[in-house]
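1. sequence isn't available, so here's the structure alone:
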């Protein structure tokens with residue numbers, strides 16, 4: 001297949017439909033075009049849209065084995081080689097409104113030397129960055145550089161989010177040093193974000209390493225070298241995630257320790273107060289039996305003297321506790 005008719009790539013609800021011009025720009029695809037395959041065409045689709053879904057299931061331009069994968073059946077990052085092409089699943093940090101970043105967005109790509117088909121449901125901002133570069137004339141020139149640019153942009157977003165998590169950990173550590181307990185659920189959410197990122201970025205790093213090691217005619221040594229650099233950069237991010245998980249575990253232990261210490265301190269204080277007033281409680285109970293023979297029952301100063309004795313007794317017990325260094 002050396003040529004493709006433009007109408008074969010026309011999808012009415014496609015997000016992007018263009019051909020790379022080999023100079024860092026793009027050429028829109030028209031119905032009447034007869035597209036020569038020296039440079040790849042790029043279709044970016046939302047697989048939940050009807051026309052895009054129908055095209056994915058019916059077009060002869062993609063292998064049958066990738067139709068379901070492109071339609072959203074695969075979630076974890078992975079790569080499969082299909083002849084001279086790849087079926088790739090990648091995950092991106094979620095920058096969409098009303099979503100948390102760790103609710104990662106899936107992007108699926110089938111790519112060979114003639115065609116790039118990428119699909120998603122929720123918006124992937126890395127795609128917009130590559131499209132902007134193409135529109136400005138400084139984007140990828142071929143399929144190999146397109147793939148590297150997409151992976152590089154995805155890794156940039158992941159690295160920025162990992163840095164944000166790192167900064168949050170530092171803030172929590174400083175707060176704990178000042179004896180300030182974080183808000184309920186804040187530390188749990190942070191640990192969840194770290195674990196989710198590590199779960200999906202680890203296989204994604206392996207995908208990049210696999211792409212860097214594959215020998216394909218449309219990926220030159222420069223592309224493979226850049227892909228390995230992207231893999232190494234994501235690997236450093238994974239090291240930071242591992243360190244973050246360990247640091248949050250220490251933070252959780254410190255929070256539990258501070259809360260236990262505060263509870264023990266309150267319990268200790270109440271125990272000392274009970275000890276101070278234990279003798280007075282005994283005397284008030286004894287003098288409250290209302291039986292004959294209570295000393296001072298008929299003396300008009302008896303109650304006042306009794307109260308002064310109780311105060312003196314409480315102060316005496318407090319002084320004794322202070323001397324024993326219990327207070």
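-> Perfect, I can see it now. Treat the numbers as computed from the prediction; the structure is a model and nothing was measured.

2. is it true that residue 318 touches residue 276?
-> Yes: here residue 318 reaches residue 276: they are 5.4 Å apart, a contact under Cβ atoms under 8 Å. Heads up, the C-betas are built off the backbone N, CA and C, glycines and all.

3. buried ones in stretch 162-170?
-> 162, 165-166, 168-169 (16 or more other Cβ atoms under 10 Å).

4. wait, residue 259 touches residue 181, no?
-> Yes: if you go by Cβ under 8 Å, residue 259 and residue 181 touch, sitting 6.8 Å apart.

5. who's more crowded, these two?
-> Ranked by neighbour count (other Cβ atoms under 10 Å), residue 259 and residue 181 place residue 181 first, with 15 against 11.

6. tell me which element residue 89 is part of?
-> Taking DSSP states H and E as the definition, residue 89 sits inside strand 85-92.

7. give the pairing partners of that strand; include direction for each.
-> According to DSSP bridges, strand 85-92 forms sheet pairs with strand 78-82 (antiparallel), strand 105-111 (antiparallel).

8. out of those, deepest packed?
-> Sort those by mean neighbour count, taking mean count of other Cβ atoms under 10 Å, and strand 105-111 sits at the top with a mean of 23.

9. just want the angle from the next helix-or-strand element following that one to strand 105-111.
-> Next along the chain after strand 105-111, taking DSSP H and E as the criterion, comes strand 115-120. Angle, strand 115-120 to strand 105-111, by axes from the mean of the first three to the mean of the last three Cα atoms, to 10 degrees: 170 degrees.

10. partners of strand 115-120, with directions?
-> Assessed with DSSP bridges, strand 115-120 is paired to strand 41-46 (parallel), strand 105-111 (antiparallel).

11. ok, so of the buried residues of stretch 162-170, who is nearest residue 186?
-> Nearest to residue 186 among the buried residues of stretch 162-170: residue 168, at 8.5 Å, using Cβ to Cβ.

12. and for the closest one, nearest residue in space, chain neighbours not counted?
-> residue 190 (5.7 Å; Cβ to Cβ, 6 or more residues apart in numbering).

13. hang on, the earlier thing: who wins for proximity to residue 45 among the strands paired with strand 85-92?
-> Nearest of the strands paired with strand 85-92 (Cβ to Cβ): strand 105-111, 9.7 Å.

14. that closest one: how far from the chain's middle?
-> 20 Å (Cα atoms, centre = their mean, to the nearest Å).

15. ditto for stretch 315-327
-> Using Cα atoms, centre = their mean, the offset of stretch 315-327 from its chain centre is 53 Å.

16. may I see the buried residues of that stretch?
-> Buried-residue list, stretch 315-327, by 16+ other Cβ under 10 Å: 317-318.

17. who's in contact with that stretch?
-> Contacts to stretch 315-327, defined as Cβ atoms under 8 Å, 6 or more residues apart in numbering, come from residues 272, 275-276, 278-279.

18. which of those residues lies closest to residue 12?
-> residue 272 (79.2 Å).

19. where does the closest one sit, in terms of helix or strand?
-> Going by DSSP H and E, residue 272 is in helix 221-287.

20. which other helices and strands contact that helix?
-> helix 143-177, helix 186-213, helix 302-323 (3 or more Cβ pairs under 8 Å, 6 or more residues apart in numbering; DSSP states H and E).

21. now those in CSV, with distance to residue 89 and mean pLDDT?
-> Output for the helices and strands packed on helix 221-287, formatted as CSV (distance: least, Cβ to Cβ, whole Å; pLDDT from 0 to 100):
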stretch, distance to residue 89, mean pLDDT
helix 143-177, 12, 93
helix 186-213, 8, 93
helix 302-323, 68, 79
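
22. mind checking those for the one nearest to residue 136?
-> That would be, of the helices and strands packed on helix 221-287 and by Cβ to Cβ, helix 143-177, which comes in at 12.9 Å.

23. name the helices or strands packed onto that closest one?
-> strand 85-92, strand 105-111, strand 115-120, helix 125-135, helix 186-213, helix 221-287.
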